[in-house]
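Novice: Need a 3D model of the sequence below.
(one chain, ligands or ions: 1)
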Amino acid sequence: MSKEYLIEMVEVDCPVCEKTHKIEKRKRETEGIVKGDVVCYEEIFYMCPTTNEEDNEFVTAALMDDNLLRARDAYRHCKGLLTSYEISEIRKHYGVTQNEFSNLLGWGDITVTRYESKTIQDETYDNLMRMVKENPLFALQSLEKHKAKFLEEKFQKIRRKIVERVEESGIHYLKMQEISSVYLNYDKESDLNGYKLLDLEKLASVIGYFAHFVNNLYKVKLMKLLWYADVIHYKRHGKAMVGLVYKHMTYGALPLAYDEIIHLPTIKVEEEIIYDDISYKIVPNAEVNVSKFTLEELNILELICSKFKDYRSREIVDYMHKEKAYRETEPFNIISYELSKELNELS
Ligand SMILES: [Zn+2]
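Specialist: Have a look, this model is predicted:
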């Protein structure tokens, strides 16, 4: 029906051929019905590679639950509701358990547990969780309002963690504001942003992905990887992946606001001294949530990682210097996405 992707090989008891062996874990798009609506979601299944029959596929009970959750999350996504994963990310951001998160919001003990496993939340509940996500001060107020639900020691511990988040969010907020103000001039889709308005959340996910899968990720190298992600996506789908605007600089393509984008929440930057110079190494700060990407995006990110994983900054700069789009753009000018379609060999 649709494209299938191999995710990994896993050793399991195979009910198809009744042996224990390496079988394929695969993913594909499919349709399901949730609350009467047809939703399109990605299902995961196993396939016995040694059986040639039509029915060499199977799912375990755990996978079936997982697929159901994906179907419900697809529904939530369509309705603009937080997915179960996003809900768990919010509470983990504040270091609280499902019970504690429920109590913090003044709800029954198991409400959040149900939202993370099966029940779909209604809009009022969704809005409250969203406010906690976006505004740590709101989280703090809500905690204080429901103080009676916590033991004193627990209350203080959670409060300290939220206060930390309040302080941090001030810095991230400032950086986001700086990036947004630089991109004010690119608030229309054009050849300069690859017909995509800058998506900061996607950008943070893409950098987080690279931080996980690329060795020695320094600033210069990261900027080139972002360019490849954007232009390959543009070449294939007529739209950039994150919508950054790149200039021709000495060390290759450099996005506007390059200094600010490495301070997005999912990224951590470590300073290293190499030959008396300070280098900024990008390291992951959170688990990569691969489900935030489309299959097309993942395919491009994988391609870029496998090509440049072990490149040193110098090597990737040299590589980019040979790109037509770079050579044909005047220094300090913005590099056209259309021109970037003629890439050397990737894509
Ligand atoms: Zn088998």
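
Novice: Quick check: phi and psi at Lys268.
Specialist: Backbone torsions of Lys268, given as degrees, to the nearest 10, read phi -120, psi 140.

Novice: With the one 4 residues further on instead?
Specialist: Torsion angles at Glu272 (phi, psi; degrees, to the nearest 10) stand at phi -130, psi 140.

Novice: how many other residues sit next to the closest residue in space to it that isn't next to it in sequence?
Specialist: Distances taken as CB to CB, 6 or more residues apart in numbering place Ser279 nearest to Glu272, at 4.8 Å, with adjacent residues excluded. Every C-beta, even on glycine, is put in place using the N, C-alpha and C of the backbone. Ser279 has 15 neighbours, counted by other CB atoms under 10 Å.

Novice: and the helix or strand containing Ser279, what does it pack onto?
Specialist: Using DSSP states H and E, Ser279 maps to strand 277-284. Counting contacts by 3 or more CB pairs under 8 Å, 6 or more residues apart in numbering; DSSP states H and E, strand 277-284 packs against helix 200-213, helix 219-237, strand 267-274.

Novice: Nearest to the ion, out of those?
Specialist: Taking CB to the ion, helix 200-213 is the member of these nearest to the ion, at 30.0 Å.

Novice: Quick check: which ranges of the protein have low pLDDT?
Specialist: Across the chain, the ranges flagged by pLDDT under 70 are 1-2, 286-287, 347.

Novice: my guess is Pro15 meets Phe58, correct?
Specialist: Yes. Applying CB atoms under 8 Å, one finds Pro15 in contact with Phe58, separated by 5.5 Å.

Novice: Can you verify Val163 is assigned to a strand?
Specialist: No. According to DSSP: H, G, I helix; E, B strand; the rest coil, Val163 belongs to no strand; its state is helix.

Novice: what residues are up against the residue of the stretch 201-347 of the chain found nearest the ion?
Specialist: Nearest to the ion in the stretch 201-347 of the chain, going by CB to the ion, is Leu295, at a distance of 25.5 Å. By CB atoms under 8 Å, 6 or more residues apart in numbering, the contact list for Leu295 reads Lys3, Tyr5, Lys27, Glu29, Glu42.

Novice: Equivalent analysis for His321, please.
Specialist: So His321 contacts Gly252, Arg327 (CB under 8 Å, 6+ apart).

Novice: In space, what's closest to the closest residue to the ion within the stretch 51-200 of the chain - neighbours in sequence excluded?
Specialist: When distances are taken as CB to the ion, the stretch 51-200 of the chain reaches nearest to the ion at Thr51, 5.6 Å away. Once flanking residues are discounted, Thr51 sits nearest to Val16: 5.0 Å by CB to CB, 6+ apart.

Novice: re the thing from before, the contacts of Leu295: which ones sit near the ion?
Specialist: Residues of the contacts of Leu295 in contact with the ion (CB under 5 Å from the ion): none.

Novice: now, which of the residues you listed sits nearest the ion?
Specialist: Lys27 (18.8 Å).

Novice: List the residues that contact that closest one.
Specialist: Applying CB under 8 Å, 6+ apart, the residues contacting Lys27 are Glu4, Tyr5, Ile7, Glu42, Glu43, Ile44, Leu295.

Novice: Just the buried residues from the residues you listed, in ChimeraX please.
Specialist: The ChimeraX command for the buried members of these (criterion: 16 or more other CB atoms under 10 Å) is given here:
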select :42,43,44
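
Novice: now, which of the contacts of Lys27 lie within helices?
Specialist: Applying DSSP state H to these, the entries found in helices are Leu295.

Novice: Enumerate the residues of the stretch 1-150 of the chain near the ion.
Specialist: Cys14, Val16, Cys17, Cys48.

Novice: Give me the buried entries from these.
Specialist: Counted by 16+ other CB under 10 Å, these give Cys14, Val16, Cys48 as buried.
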